[in-house]
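Sharing a sequence plus its predicted fold:
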Amino acid sequence: PFFYVPDALLPLLKESVDNFNTHYMVEGEPDKEVQIEEAVIDMMEDWDHVEINFLSDIRHQMVKSMEQIKLPLYGLVVFIALFGILNLVNTLLTNVVTRRQEFGILQSVGMSGGQLSAMLKAECFFYVAGTILITLTLGTASGWTLCRIFDQLGTFGKLVFHFPFVPVFVFAALLLVIQMVFSVWAVRYCGKEPLIQRIKSE
């Protein structure tokens, strides 16, 4: 238990104690942090009953704590990204498979294979571009908002939002690779089945 009493009452309660300080804080220039730590250690070398906490130790502990928090968060982000990519691939596949008859009718009235290929590539590109646009706008706004909320709460200290250039670049590059691979697959898939059979399919 802790008891809070006025400073003037302490000498009356403990007449044999001359110094009631329990903590000393040493402040110095940030660029002289190492020299100050070494000087304090040398000064307190023979004081076994004194506990010393340096700012660098606290900083190191906070970094380790943040690393432990970041790992599951990054795992959640990767899971959401993979789920989004699989959902996009599923949408593209379903779009092509269910529109075989439509493509067959278009080709029967004069659409060439090159035009069909260009149309499929354009549609796929619009899906991917829309996904990237939503990620850059809503995703960035959500990240900035969460950063501001946690900064006001003070849970993790002072937080500064940094745009995640590398993850966004990797995500966009992966989507573009999917777009190219899918475009090639879609053209081959549509050309594999005879035109008459595609028109008759339901």
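Received it, and whenever you're ready, just let me know what you need.

hey, let's count contacts and neighbours off CA atoms from now on
OK.

Next one: Ile41 from Val50, what distance?
In this view, Ile41 and Val50 are 11 Å apart by Cα to Cα, to the nearest Å.

now swap in Val17 and tell me
Distance from Val17 to Val50, by Cα to Cα: 17 Å.

repeat for Pro167
Counting by Cα to Cα, the gap from Pro167 to Val50 is 46 Å.

where along the chain do the helices fall?
Secondary structure of the chain by DSSP state H: the helices cover 10-13, 33-43, 55-97, 100-108, 113-134, 140-153, 165-192, 195-200.

Could you export the ones you listed as a markdown table, including distance to Tyr24, mean pLDDT and mean neighbour count?
Output for these, formatted as a markdown table (distance: least, Cα to Cα, whole Å; pLDDT from 0 to 100; neighbours: other Cα atoms under 10 Å):
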| stretch | distance to Tyr24 | mean pLDDT | mean neighbour count |
| --- | --- | --- | --- |
| helix 10-13 | 18 | 86 | 12 |
| helix 33-43 | 11 | 87 | 13 |
| helix 55-97 | 13 | 85 | 13 |
| helix 100-108 | 78 | 79 | 17 |
| helix 113-134 | 52 | 84 | 16 |
| helix 140-153 | 28 | 85 | 14 |
| helix 165-192 | 43 | 83 | 15 |
| helix 195-200 | 84 | 67 | 15 |
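
mind putting those in CSV, distance to Phe3 included?
Output for the helices of the chain, formatted as CSV (distance: least, Cα to Cα, whole Å):
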stretch, distance to Phe3
helix 10-13, 11
helix 33-43, 31
helix 55-97, 27
helix 100-108, 81
helix 113-134, 56
helix 140-153, 29
helix 165-192, 52
helix 195-200, 86
